[in-house]
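> Take a look and give me a structure for this.
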Amino acid sequence: MTFFTLGKVLLALVWASALVVALFPSMATGDGMLVKVALVTLVIHVIELIFVDARLRQQPNPLWHRVQVLLFGYFHWGRLSKAESA
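Sure thing, here's the model as predicted:
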């Protein structure tokens with residue numbers, strides 16, 4: 001399993017956990033820290049999206065890549081930059 005794939009899997013688990021806690025607040029522990037972490041991660045990914053948007057526009061399906069960057073950040077666009085340089 002590559003670094004990017006492992007990162008995507010772990011981040012998907014964070015998003016799924018945050019969604020469950022947001023839908024069922026009674027399951028929250030740690031004063032809602034998971035939801036706060038997810039919101040901060042989303043803000044960081046929006047900033048990343050602003051910086052890599054020009055690169056994403058060159059891809060075959062830019063909307064799909066934008067969604068992937070919002071969800072996975074560098075774990076998605078880092079792989080794109082490696083594929084472009086090869």
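> next one: the strand or helix carrying residue 38 to chain centre, how far?
Here residue 38, judged by DSSP states H and E, is contained in helix 33-57. Chain-centre distance of helix 33-57: 7 Å, with C-alpha atoms, centre = their mean, to the nearest Å.
> Please point out which parts of the helix or strand immediately after that helix in the chain sit buried.
Using DSSP H and E, the helix or strand that directly follows helix 33-57 along the chain is helix 62-72. For helix 62-72, a neighbour-count test (16 or more other C-beta atoms under 10 Å) marks 65-66, 68-69, 71-72 as buried. Bear in mind the C-beta positions are built from the backbone N, C-alpha and C, glycine included.
> now, among those, which is nearest to residue 2?
Using C-beta to C-beta, residue 72 comes nearest to residue 2 of those, at 13.1 Å.
> How many residues are close by the closest residue to that closest one other than its chain neighbours?
Among residues not flanking residue 72 along the chain, residue 8 sits closest, at 5.0 Å (C-beta to C-beta, 6 or more residues apart in numbering). A count of neighbours around residue 8, defined by other C-beta atoms under 10 Å, yields 19.
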